[in-house]
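Participant: The following block contains a protein sequence and its predicted model.
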Amino acid sequence: MKRNPIPPSFIIFLGLTLFPPFYACTQILRVAVAANAQFVMNDIKKAFEQKGTARIELIVSSSGKLTAQISHGAPYDLFLSADMKYPEQLYNRGYTLEAPSVYAYGSLVLWTLKKKYLDNGLNSVTNPEIKTIAIGNPSTAPYGMAAVQVLKNAGIYEKVKSKIVYGESVSQVNQYLISGAADLVFTAKSVVMTPGLKQKGQWTEPPESLYDPIKQGMVILKNAAKNNLKAAREFFDFLSGPEAKAIFTSYGYIVK
């Protein structure tokens, strides 16, 4: 008697039933990430997921906007800010399981796609040829706040304030430059250290004495207790471990 062959679709169904794929067996952690750390966190995410503990979903925006979302009930498990102010606010308001800690120190750079625009270093911003300078909104983006500090402490803010346009986050600021909407931007060093962007244009670092240290804080949110606290703590610890520190360092962050 001739037997009908087993349909391939049934074989696939059986395989998925008996041996579910990796993503079906692991917890998803929702991690809110400040825009400056978007690229480095993509690499850290890949490194952590190889361990099979959990999958990471990154939600990227400005630190201030993410803080507002968390305050209004966004179901995030961890928060990586561009400063310590916003994680401490959430801790003081009872949205976190514990006090935040510093995961890295960021650096500010002035970046352009036209090399001649940086012939005079930081003072290049006063060049009449420079029509538009983009920075993050200082009320929600810590790197934007640092940019304003640099300009004011260098004594050139009043000379260039009419040229300044604000982006919601570092990501939007970078888009302004790449699209040609801005001649110069103040952005995170981690952006210009990203593979694929290292050879684009030119950048310079303003003296660190002109702005407060950019201490970037991380914290486990209370939602993690409802989701998967064990996996959240494992990822939190991973961020402080040697493998993640090496990745942070490769993107220009300072880790201690």
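Facilitator: Looks like it arrived, so ask away.
Participant: all strands in the stretch 1-150 of the chain, in order from the N-terminus.
Facilitator: 27-34, 54-61, 78-80, 101-106, 108-112, 133-136 (DSSP state E, counting those that start in this stretch).
Participant: Mind putting those into CSV with distance to Tyr157?
Facilitator: C-betas here are computed from N, CA, C, even on glycine. Shown next, in CSV, are these (distance: least, Cβ to Cβ, whole Å):
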stretch, distance to Tyr157
strand 27-34, 24
strand 54-61, 26
strand 78-80, 29
strand 101-106, 21
strand 108-112, 14
strand 133-136, 11
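Participant: any idea how far the spatially closest residue to Pro75 that is not a sequence neighbour is from Phe186?
Facilitator: Among residues not flanking Pro75 along the chain, Asn223 sits closest, at 5.1 Å (Cβ to Cβ, 6 or more residues apart in numbering). Computed as Cβ to Cβ, to the nearest Å, the Asn223 to Phe186 distance reads 33 Å.
Participant: which one of these two has more residues nearby?
Facilitator: Phe186 (26 against 20; other Cβ atoms under 10 Å).
Participant: Relative to Leu229, how far out is the more buried one?
Facilitator: Distance from Phe186 to Leu229, by Cβ to Cβ: 38 Å.
Participant: Gly73 too?
Facilitator: Taking Cβ to Cβ, one finds Gly73 at 18 Å from Leu229.
Participant: who has more neighbours, those two?
Facilitator: Leu229 (15 against 9).
Participant: Just name the most buried of the strands of the stretch 1-150 of the chain.
Facilitator: For the strands of the stretch 1-150 of the chain, the largest average neighbour count (mean count of other Cβ atoms under 10 Å) is found in strand 133-136, namely a mean of 28.
Participant: Now do the contacts for Arg233.
Facilitator: Ile220 (Cβ atoms under 8 Å, 6 or more residues apart in numbering).
Participant: mind listing what's buried in the helix or strand in which it is found?
Facilitator: Secondary-structure element containing Arg233, defined by DSSP states H and E: helix 229-239. Burial within helix 229-239, assessed by neighbour count using 16 or more other Cβ atoms under 10 Å, is assigned to Ala231, Ala232, Glu234, Phe235, Phe236, Phe238, Leu239.
Participant: Stretch 123-141 too?
Facilitator: Within stretch 123-141, the residues that count as buried by 16+ other Cβ under 10 Å are Ser124, Val125, Asn127, Ile130, Ile133, Ala134, Ile135, Gly136, Asn137, Pro138, Thr140, Ala141.
Participant: Which residues does that stretch contact?
Facilitator: Contacts for stretch 123-141 (Cβ under 8 Å, 6+ apart): 35, 62-65, 82, 110, 117-118, 120, 142-145, 147-148, 151, 154, 156, 159-160, 163-170, 172-173, 176-177, 181-186.
Participant: end-to-end on that stretch?
Facilitator: 23 Å (Cα to Cα, to the nearest Å).
Participant: Test my guess that Gly217 contacts Ser81.
Facilitator: Yes. Contact criterion Cβ atoms under 8 Å: Gly217 and Ser81 qualify, at 5.1 Å.
Participant: list the residues that contact both of the two?
Facilitator: Pro87, Pro100.
Participant: just to revisit the earlier point, would you point out the most distant pair within the buried residues of stretch 123-141?
Facilitator: Greatest spatial distance among the buried residues of stretch 123-141 (Cβ to Cβ): Asn127 and Thr140, at 28.4 Å.
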